[in-house]
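Enquirer: Please find the sequence and the predicted model below.
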Amino acid sequence: MVTLIRIFRYTALYPWHAATTLGLAVVGTLLVVVLPAVTQEFIDQVIPDKQLDRIIPLAALGIGAIAARQLISMGRNLCNSAFEQRIIHDLRRELYEKIQRLPLHWFDKQPTGDIMHRVAADVPAMERVIVGAIDQGLSGLLQFCAVLGYLLWLNPGLALLTVAPLPVVAIATRLYQKLAEPRYKAVSEASSTLNSVLHDNVAGIRQIKAYTVEPEEAERFGSASTTVLRAQMNVVKANAFIWPFVSLVAESGIVVTIAFGAWWITTGETTLGVLSAVLMSWGLLYDPISRINPLTQLFVSGMVAGKRIFSILDLDEEEDLVTGTRPETLRGHVRFEDVRFSYEKSSSRPTLDAINLEALPGQTIAFVGPTGAGKSTILALLTRFYEVDAGRILLDDEPLAGISKEWLRDRIGYVTQDSFLFDATIRDNLLLAKPDATESEIWEALRAANAESFVSKLDGGLAATPGERGTRLSGGERQRLSIARALLKNPPILLLDEATSAVDNETEQLIQEALERLRSERTAFVIAHRLSTVRAADRIYVLEGGRIVESGKHEELIVQNGLYERLCSAGLGTQEK
């Protein structure tokens, strides 16, 4: 019930649409009794008494009522469509904006296909509860009450016989709701899983083809599709059992009504015109009941979708996204003091432990270490993508935890290992960093990242599209565009997570020269596997198992014959050898 109330709150956003739909439904409902009344008049009055002068007026009345109902139906359809699309739009935007404000750790555990399913499929399913309830459910209830009132006025006995099967129909419908809800939930969850598998396969199609695992992936997709099939068949079985039974009970009522009507006509207790009007009204009376099947399916599936949507809308948003302090200046002095962090809070082995480091304004800090040592995690903590479990991070002697995330991230340029590009123009991808950047500023950033040459050769130049995730460009080209985007932002703090790993030595040298020119203006944190990148750093921190095991300059560390020296010998700087 709570879910249902929350769903219907969205009608308050468009009161006039809801009121218009309701008003048209009331008027259209009142017109349904005109045709049975006209029929009764023809049979009981016009034909026996040969009232020829009433034929045309009564026929015109019946046709006029039918025409009016169709015009009202057209207006209802237009109003409902506008109502429906506006609610879908608002709900979809609300859900999307909520997802944008959720903390990053939620995305770490949430399949992309499931998120897409909730936005693309669950939103329309939930919205149909609103429009279906007002347009079909409420109008059906009004029609049922209007026709039942007319039948009770016409002949109470026949009216009671007509509605006698309804208690059985009500019990069957309630039973179906209890039976169907878990089945619709299973369908929704299975569909989400299928979407996730499909998303993984499309995103990883190059890996699938490279490792020739098409049959295995087809089997995985087929297994997920089979789960959806079985879940759908469980719904179908419930429908196949319940609704034929409901139809049997309801349609048996008309036979009983005809039998008693014939008896009462024979005994003179009613007329043929009354029975004809009752039989014509039977279709109008049970028309709303015939909608119970699709309406109940719509209602149950919509309730399941609503619960899935509200489960996201009720999540706690990322803290301090907008709130928090906003310092007037940023020098870029960063300190980690006994920082401890773990992605899994229940884990006995933290990802980072006892991290102490310092970066003075304008310094370049390099992190090296084996895979999984925690290098990228340090950068993620600097951007407050995650919060430390213990210890603290200071920015210009102010606790990072008290600073607005929005303010902080606006002043950080972050180039990740995965150089993500949107399927938009190269210009639009770069303008993410600085929406008001001029053409000359864009080309200057491209030049500094050594991307000017290949961008100018593309068909369309800045107007060219790199494809989804930048698939039309090489890895090095994607990384250079990501670096250009960070340079265009011109942030006080620059984070480079293996940003030069996919560029050749010549390109890396040009990028290093550009970064060297900017070093005095920003604090840079660099994760790199190239000796030239590490050697240029003001200080190097060597990590192993989530701890800093060595720190110093290249010349200091290399003579210690520790982990840093072993990393250099084993692979760090192999490009230069």
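Expert: Looks like it came in fine.

Enquirer: going forward, measure contacts and count neighbours with C-alpha atoms only.
Expert: Fine.

Enquirer: Which residue ranges of the stretch 351-500 of the chain form strands?
Expert: Assigned by DSSP state E, counting those that start in this stretch, the strands in the stretch 351-500 of the chain fall at 352-359, 364-368, 390-395, 398-399, 412-415, 493-497.

Enquirer: name the helices or strands packed onto the last one?
Expert: By that I understand strand 493-497. Under the contact criterion of 3 or more CA pairs under 8 Å, 6 or more residues apart in numbering; DSSP states H and E, strand 493-497 touches helix 375-382, strand 412-415, strand 523-527.

Enquirer: could you give the angle of the longest one to strand 523-527?
Expert: It stands for helix 375-382. 150 degrees (axes from the mean of the first three to the mean of the last three CA atoms, to 10 degrees).

Enquirer: So which bits of helix 375-382 are buried?
Expert: Neighbour-count burial for helix 375-382, with 16 or more other CA atoms under 10 Å as criterion, is recorded at Lys375, Ser376, Thr377, Ile378, Leu379, Leu381, Leu382.

Enquirer: Could you do stretch 417-433 as well?
Expert: Neighbour-count burial for stretch 417-433 [16+ other CA under 10 Å]: 417, 419-421, 423-431, 433.

Enquirer: before we move on, back to that, any chance of the helices and strands packed on strand 493-497 in a markdown table, plus distance to Pro111?
Expert: Listed next are the helices and strands packed on strand 493-497 as a markdown table, based on distance: least, CA to CA, whole Å:
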| stretch | distance to Pro111 |
| --- | --- |
| helix 375-382 | 21 |
| strand 412-415 | 24 |
| strand 523-527 | 28 |
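
Enquirer: so which of these comes closest to Leu295?
Expert: Checking the helices and strands packed on strand 493-497 against Leu295 by CA to CA gives helix 375-382 as the closest, at 48.3 Å.

Enquirer: helices and strands around the closest one, which ones?
Expert: Looks like helix 375-382 contacts strand 493-497, strand 523-527 (3+ CA pairs under 8 Å, 6+ apart).

Enquirer: Run through this protein and note the low-pLDDT ranges.
Expert: Scanning the chain for pLDDT under 70 picks out 1, 131-135, 206, 210-211, 243, 289-293, 499-520, 529-530, 532, 571-577.

Enquirer: list the contacts for the residue nearest to the spatial centre of it?
Expert: Nearest to the mean C-alpha position of the chain, by CA atoms, centre = their mean, lies Val119 at 2.9 Å. Val119 sits next to Arg92, Leu95, Tyr96 when contact means CA atoms under 8 Å, 6 or more residues apart in numbering.

Enquirer: Just name the closest of the residues you listed to Leu272, please.
Expert: Arg92 (55.5 Å).

Enquirer: Could you verify my assumption that the closest one touches Asp122?
Expert: No - counting by CA atoms under 8 Å, Asp122 is not a contact partner of Arg92; they are 9.5 Å apart.

Enquirer: Same list as before, the helices and strands packed on helix 375-382 that is, but in CSV and with distance to Ser404 and mean neighbour count included.
Expert: CSV is the format used below for those (distance: least, CA to CA, whole Å; neighbours: other CA atoms under 10 Å):
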stretch, distance to Ser404, mean neighbour count
strand 493-497, 16, 24
strand 523-527, 19, 26
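
Enquirer: Ile312: which of these is closest?
Expert: Per CA to CA, nearest to Ile312 of these: strand 493-497, 31.0 Å.

Enquirer: Give me the angle between that closest one and helix 375-382.
Expert: 150 degrees.

Enquirer: May I have strand 493-497 as PDB, with CA atoms only?
Expert: Coordinates of each C-alpha in strand 493-497 appear next as PDB, following Å, rounded to 0.1, in the frame of the first residue of the first chain:
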ATOM      1  CA  ILE A 493      45.900  19.400  -8.800                       C
ATOM      2  CA  LEU A 494      46.600  16.800 -11.500                       C
ATOM      3  CA  LEU A 495      46.100  13.100 -11.200                       C
ATOM      4  CA  LEU A 496      47.700  10.800 -13.800                       C
ATOM      5  CA  ASP A 497      46.900   7.100 -13.400                       C
END
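
Enquirer: Show me how this protein divides into domains.
Expert: Following automatic domain parsing, the chain resolves into domains at 14-313, 332-411+527-577.

Enquirer: wait, which of those domains is closest to Leu496?
Expert: Between Leu496 and the domains of the chain, the shortest separation by CA to CA is 6.1 Å, and it involves domain 332-411+527-577.

Enquirer: what about the closest one, distance to the chain center?
Expert: Its chain's average C-alpha position is 35 Å from that of domain 332-411+527-577, according to CA atoms, centre = their mean, to the nearest Å.

Enquirer: what's the neighbour count on the nearest residue to Val304 once chain neighbours are set aside?
Expert: Computed as CA to CA, 6 or more residues apart in numbering, the closest residue to Val304 that is not its neighbour in sequence is Lys185, at 5.8 Å. If you count neighbours by other CA atoms under 10 Å, Lys185 ends up with 20.

Enquirer: Kindly report the same for Ser453.
Expert: If you count neighbours by other CA under 10 Å, Ser453 ends up with 10.

Enquirer: gap between the closest residue in space to it that isn't next to it in sequence and Ala203?
Expert: Excluding the flanking residues, the one nearest Ser453 by CA to CA, 6+ apart is Arg447, at 7.9 Å. Going from Arg447 to Ala203 by CA to CA, to the nearest Å gives 31 Å.

Enquirer: So between those two, which is more surrounded?
Expert: Set Arg447 next to Ala203 and count neighbours by other CA under 10 Å: Arg447 wins out with 18 against 13.

Enquirer: between the domains of the chain, which one is nearest to Gly475?
Expert: Of the domains of the chain, the one closest to Gly475 (CA to CA) turns out to be domain 14-313, at 13.7 Å.

Enquirer: That closest one: end-to-end distance?
Expert: 21 Å.

Enquirer: circling back to that earlier point, any idea which of the strands of the stretch 351-500 of the chain gets closest to Thr266?
Expert: Closest to Thr266 of the strands of the stretch 351-500 of the chain is strand 412-415 (CA to CA; 90.8 Å).

Enquirer: so what strands line up beside the closest one?
Expert: Sheet pairing for strand 412-415, assigned by DSSP bridges, gives strand 493-497 (parallel).

Enquirer: how much distance is there from the partner strand to the middle of the chain?
Expert: Mean-position distance between strand 493-497 and its chain equals 30 Å (CA atoms, centre = their mean).

Enquirer: any chance of the helices and strands packed on helix 375-382 in a markdown table, with distance to Ala570 too?
Expert: Formatted as a markdown table, the helices and strands packed on helix 375-382 follow (distance: least, CA to CA, whole Å):
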| stretch | distance to Ala570 |
| --- | --- |
| strand 493-497 | 20 |
| strand 523-527 | 17 |
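
Enquirer: In CSV: the buried residues of helix 375-382, plus distance to Gly283.
Expert: As requested, the buried residues of helix 375-382 are exported to CSV (distance: CA to CA, whole Å):
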residue, distance to Gly283
Lys375, 73
Ser376, 69
Thr377, 68
Ile378, 71
Leu379, 70
Leu381, 67
Leu382, 69
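
Enquirer: Could you list which residues are in contact with Lys489?
Expert: Listed by CA under 8 Å, 6+ apart, the contact partners of Lys489 are Gly413, Ala433, Lys434.

Enquirer: count of residues packed around the first one?
Expert: When counting by other CA under 10 Å, one arrives at 24 neighbours for Gly413.

Enquirer: is it true that it touches Ser482?
Expert: No - with contact defined as CA under 8 Å, Gly413 does not count as touching Ser482 (9.8 Å).

Enquirer: thinking Leu446 is in contact with Ala484, fair?
Expert: Yes - contact between Leu446 and Ala484 holds when scored by CA under 8 Å: they sit 5.2 Å apart.
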